[in-house]
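Q: I'd like to go over a predicted model; first the sequence, then the structure.
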Amino acid sequence: MRIDVLTIFPDYLAPLDLSLVGKARRSGLLDLAVHDLRDWTADRHRTVDDTPFGGGAGMVMRPDVWGEALDAVLADDDAGQPAVLLVPGPGGEVLTQRTAEELAGARRLVIACGRYEGIDARVAEHYATRPGVEVREISIGDYVLNGGEVAALVVIEAVARLLPGVVGNPESLVEESHGAAGLLEYPVYTKPPEWRGHAVPEVLTSGHHGKVARWRRDRALERTAARRPDLLARLAPDALDPADRRV
Ligand SMILES: COc1ccc2nc(C(=O)O)sc2c1
């Protein structure tokens, strides 16, 4: 997968050199480039914004600068791969694990990080008509950030970890919260067996794999029912077996 990020704060994306995403980049599993939007400005002040038509507070990012940048990035393509142009914004579809799974299936993501009051609306309108480009406005939650960079970091991490080979043990993707099982994950423990008077649940040291699996499933169901009953409601009817229904 190739991901291009356009931003006026490239250093905001520095964490993408670290940990699993950084390793995926170095191993070639992920081709990721961060671009400074100001590289496509034409004036000596490298201006990317202007006052909003209709008045109001703040500034709006100029369509001409974004057009030059997106044309250049989209054209830099080995085989005319279709691209998803992600525009982080508070009015976008809220990112879920399902969205991340969809995006992980794309060949290219281009993420346009807005600042100020946002990007001139004509940019998304224009690229939505571009053959081979799908435009999606995306939000990471019902709160407002100061720009798209943090959302870009979240999307990239959520997507990159789903790419084959990025996470060491793909089985862990099944039982994690919001994973394939569709439940919140069970509580985890490690040594020492007792810590400050808190013992590890005995079943986990029993060596009985069947009982351990049942205990973990029960705890995941309990947690999900208590904290996110909406997730239970979304489960496919056949996702729960008779043994689950007694929880
Ligand atoms: C101007 O760019 C912004 C501003 C707020 C904002 N809020 C987001 C969110 O995901 O909540 S993405 C985003 C981008």
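A: Thanks, I have the structure now.
Q: List of residues touching the helix or strand bottoming out on mean pLDDT in the chain?
A: The weakest-scoring helix or strand in the chain, judged by mean pLDDT, DSSP states H and E, is helix 172-175 (a mean of 74). Residues from elsewhere that reach helix 172-175, judged by C-beta atoms under 8 Å, 6 or more residues apart in numbering: Arg161, Leu162, Val167, Gly179, Ala180, Ala181, Glu185, Tyr186, Arg216, Ala220. Any C-beta I mention is one placed from the backbone N, CA and C, and that applies to glycine too.
Q: Now the closest residue to the third one other than its chain neighbours. Its backbone dihedrals?
A: To tie it back to what came earlier, the one meant is Val167. Distance criterion C-beta to C-beta, 6 or more residues apart in numbering; nearest residue to Val167, sequence neighbours excluded, is Arg161 at 5.3 Å. Arg161 adopts backbone torsions of phi -70, psi -10, taken as degrees, to the nearest 10.
Q: what about Arg161, distance to the ligand?
A: Arg161 sits 19 Å away from the ligand, taking C-beta to the nearest ligand atom, to the nearest Å as the criterion.
Q: go on, Pro187?
A: Per C-beta to the nearest ligand atom, Pro187 is found 29 Å from the ligand.
Q: Quick check: the closest residue to that residue other than its chain neighbours vs Ala243, distance?
A: Distances taken as C-beta to C-beta, 6+ apart put Arg219 closest to Pro187, at 6.0 Å, once the chain neighbours are dropped. Distance, Arg219 to Ala243, by C-beta to C-beta, to the nearest Å: 14 Å.
Q: Settle it for me: which of those two has more neighbours?
A: Comparing Arg219 with Ala243 by other C-beta atoms under 10 Å, the one with more neighbours is Arg219, at 18 against 11.
Q: So which of the contacts of helix 172-175 belong to helices?
A: Using DSSP state H, the members of those that fall in helices are Arg216, Ala220.
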